[in-house]
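**Q** Sequence first, then the predicted structure:
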Amino acid sequence: MPARAIAAPAASPPDDGNWVMAAKNYASTRYSELDEIDTNTVRDLQVSFTFSTGVVRGHEAAPLVVNGTMYVVTPYPNKLYALDLTKPGAPTKWTFEPRPAASAQGVACCDYVNRGPAFADGRIFINTLDAQTIAVDAETGRELWRTKLGDINKGETMTMAPLVVKGKVLVGNAGGEFGVRGWITALDAETGKIVWRAYNTGPDTDVLIGDDYKPFYDKEKGKDLGVSTWPPNAWEIGGGTVWGWISYDPELDLIYHGTGNPGPWNPEQRPGDNKWTGGIFARNPDTGQARWFYQAVPHDLYDYDGINELILLDMPWQGQPRKVLIRPERNGYLYVIDRSSGEVLAADPYFPANSTKGVDLKTGLIEYNEEKHPRVGKVVRDICPTAPGAKDWNPSAFSPKTGIVYIPHNNLCMDWESVEANYIAGTPYVGANVKMYAGPGGNRGTFTAWDPGQRRKVWELKEDLPLWSGALATAGDLVFYGTMDGWFKAVNAGSGELLWRFKTGSGIIGQPISYRGPDGRQYIAILSGVGGWAGAIVAGDLDPHDASAAKGFVNAVSDLPQRTTKGGMLYVFALPQRR
Amino acid sequence: MSSLSRNAVSLALLGVLLLAACEREERSYRGEPVGEVKPGAIVQGTLYAGAPSPPPPQRREYEGNAYHVSEGKRLFEWFNCSGCHAHGGGDIGPPLMDEVWIYGGELENIAATIVEGRPNGMPSFRNKIPDQQLWQIAAYVRSMQREVRKDVAPGRDDHMAVTPGEQNQPVTPPKPGGVASPSSEGRGP
């Protein structure tokens, strides 16, 4: 039994210097074993090359590196670039333009983002904003297949990074603010044919709940809960999308994915638990059949979308080795869940939430705070955390050297007024007026180092602006992340001490990666380019005179246009070359 | 000037004021049903074959009428315009309370945008919104940046206060330029 947490070994093979999926490996550690750049040498880190993407919307993607080629996917229009790392300045090898429908921009809730490509068996896979999955030959950029999976006239888009498991490309839809019906789909990586599709609302046959389904808690048991926990037919437009992260444990042969918020946000329009939204599914990757489910936020009150990353760790728990998954949840709790059974081992607050009072580990139930319960026609003030949560999509990293999870997140609170939402297909289905602002302490972002074994915060860094970038941990005892005003930072993984920083051209909301170049040196790469929900005020030129703009986020970042400007640019860093 | 003629002038002035006020206050409850939008009312360019067309009568009818603008404010929420444009500050769609008009800022341009949709994500509401309600929404959108009279702009919100309010919004005339369509240079009513 390991003395402390390690990444699930089968899901985190030894680092070969490539970076072939957004989360680095199936365990989603975002940890690089490269250590040439370390706490001593990082002060000399400098720009190796840059690359303008030609797109000015929010750049949330992780670049990929496969055997001397870097792949960068942009926000809409979802251009895919291959850069030749074997040549000086990394010139473009090829460009692939999928040309998604321009109208898709009108049904993307929170900027036209894309969270990255995926690589497997000589192919690059991307999702387009107009809900297509496309396979491209990694060597030539030639399109191999494309499959249309959703309908923008129903508000369906795709923004997530695919995950390739056992020859299947796993993808899911976005559109939880448009009354879509959420799903996850497996496509044959060779042909693009749909192998299975699991909906996250509706009858068990659609959700792929059958004989294999063995949830830990009684509250997740019953026939057709995806129908009976909704008002009649409301499940058909009930959300539960899969726009976030998927992890995979090859040993248990289970994939893990979250399910998004129920729609509309106004909870009075959907009495019931609203299964299977706001939770985590474990499924068989070959058939999609569900193994277990845990609903973190039954009858979600605040858009506490359950799509965040799932980090697969093996760790001692009360003297016993446990296979767990770590989930820093939107609702402000860090969950440690037994990934073979779905049992919640811990749910500890990493953010001072007042919207809930805690999680009962016996029943798995979260207790909502009645004082903060939204009602139509009433403005409920000072709800913490906000709709984007204590932490949104931007993924954490885990270092096996320190045993710490590094969590970039928000420190925001909000006023909320529920209003009646009308369902008009292809337009938003929300039903809430929201206004956000800085949380306790006045800083809008926090970078938290959390020890899941000790169940406590080790250190934290206060950031003025909300944190909307992912994190990267390296064997050089460094952690990298970016800020919305464009600083790219390296801090000491043990202490949080700031060791190096570089000001990029635009705010950073992307995912840092590290790779070994064809010359054998270690590189760090990040996309700069502000946007996303948090940066919509800059990306969409929104007007801060309206506190409810961008679903209330504009009010929290009304100073952002003075702090940064638009523009997508890749930055790649390395230590100076020894001569 | 004799007191008689002074009185006559005062009366005439009062009459003018009352007339204007009446126009502002006039309530027209029944518009034509869905499908009656007359494309003739909408002009997208500033080039005319022959003599320029007069501005559409809707400018006078809707922009100067508090009832229509107030109805437009209600319908702006009902038809979910607020879903994408928030309360004027923008979200998925662009802000409407600033001075930039991508597809023209005159009443008929806004009406055309609602009916026809626009290629970068504005859905078409053709045959979905009755004609009168369409012009009411367009007039309300004009009031967001105070392109209507102060005494016509709505004074209060039914929802949580998130903007200074249309009445308190300073007047920001649309800026001509590359981002505004030519018809935004159209003449006033």
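**A** Yep, it's here. Numbers count the residues shown, from 1 in each chain, chains lettered A, B, ... in the order given.
**Q** Can you list the low-confidence ranges for the stretch 1-150 of chain A?
**A** Low-confidence segments of the stretch 1-150 of chain A (pLDDT under 70): A:1-2.
**Q** what are the phi and psi values for whichever residue of it sits closest to chain B?
**A** The minimum distance from the stretch 1-150 of chain A to chain B, using CB to the nearest CB, falls at A:Gly106 (2.2 Å). C-betas here are computed from N, CA, C, even on glycine. With angles defined as degrees, to the nearest 10, A:Gly106 sits at phi -80, psi -10.
**Q** Setting aside sequence neighbours, what's the nearest residue to it?
**A** The shortest distance from A:Gly106 to any non-neighbouring residue, by CB to CB, 6 or more residues apart in numbering or on different chains, is to B:Gly121 (2.2 Å).
**Q** That neighbour: how many residues sit nearby?
**A** Per other CB atoms under 10 Å in any protein chain shown, the neighbour tally for B:Gly121 reads 22.
**Q** from memory it sits against A:Ala101, does it?
**A** No - applying CB atoms under 8 Å as the test, B:Gly121 and A:Ala101 come out as separate, 9.5 Å apart.
**Q** pretty sure A:Val324 contacts A:Leu334?
**A** No - if you go by CB under 8 Å, A:Val324 and A:Leu334 don't touch, sitting 11.5 Å apart.
**Q** Name the residues contacting each of these two.
**A** Counting by CB atoms under 8 Å, 6 or more residues apart in numbering or on different chains, the contacts common to A:Val324 and A:Leu334 are A:Pro452.
**Q** and A:Glu343, what is it in contact with?
**A** A:Phe216, A:Ile337.
**Q** if I look at it, how far off is chain B?
**A** 39 Å (CB to the nearest CB, to the nearest Å).
**Q** and the gap between that residue and A:Ile337?
**A** 7 Å (CB to CB, to the nearest Å).
**Q** Residue numbers of chain B in contact with chain A?
**A** Applying CB under 8 Å from any CB of the partner chain, we find that chain B lies next to chain A at B:77-80, B:83-84, B:86-95, B:97-98, B:100, B:119-123, B:159-160, B:162-164, B:169.
**Q** ok, of those residues, which come out buried?
**A** Taking 16 or more other CB atoms under 10 Å in any protein chain shown as the criterion, what is buried in those is B:77-80, B:83-84, B:86-95, B:97-98, B:100, B:120-123, B:160, B:162-163, B:169.
**Q** residue contacts, the spatially most central residue of chain B?
**A** The residue lying closest to the centre of chain B (CA atoms, centre = their mean) is B:Ala139, at 1.9 Å. Residues in contact with B:Ala139, defined by CB under 8 Å, 6+ apart, are B:Tyr62, B:Glu63, B:Asn65, B:His68, B:Val69, B:Gly72, B:Leu107, B:Val148.
**Q** Leaving out sequence neighbours, find the closest residue to the last one.
**A** The one in question is B:Val148. Counting by CB to CB, 6+ apart, B:Val148 lies nearest to B:Glu63, which is 5.1 Å off, once chain neighbours are set aside.
**Q** How about the first one?
**A** Leaving out its chain neighbours, the residue that sits closest to B:Tyr62 by CB to CB, 6+ apart is B:Ala139, at 4.0 Å.
**Q** Tell me which helix or strand the one you found sits in.
**A** Taking DSSP states H and E as the criterion, B:Ala139 maps to helix B:131-144.
**Q** Extract the C-alpha set from that helix and format it as CSV.
**A** Extracted in CSV, the C-alpha atoms of helix B:131-144 (Å, rounded to 0.1, in the frame of the first residue of the first chain):
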residue,chain,number,x,y,z
ASP,B,131,-46.1,42.7,-36.2
GLN,B,132,-47.1,45.2,-33.5
GLN,B,133,-45.1,43.4,-30.9
LEU,B,134,-42.1,43.3,-33.2
TRP,B,135,-42.1,47.1,-33.5
GLN,B,136,-42.7,47.4,-29.8
ILE,B,137,-39.6,45.3,-29.1
ALA,B,138,-37.5,47.3,-31.6
ALA,B,139,-38.7,50.6,-30.1
TYR,B,140,-37.7,49.3,-26.6
VAL,B,141,-34.2,48.3,-27.9
ARG,B,142,-33.8,51.8,-29.2
SER,B,143,-34.7,53.1,-25.7
MET,B,144,-31.9,51.1,-24.1
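**Q** Quick check: mean pLDDT of it?
**A** Averaged over helix B:131-144, pLDDT sits at 95.
**Q** Take the contacts of B:Ala139 and keep only those in helices.
**A** The members of the contacts of B:Ala139 that map onto helices under DSSP state H are B:Tyr62, B:Glu63, B:His68, B:Val69, B:Gly72, B:Leu107.
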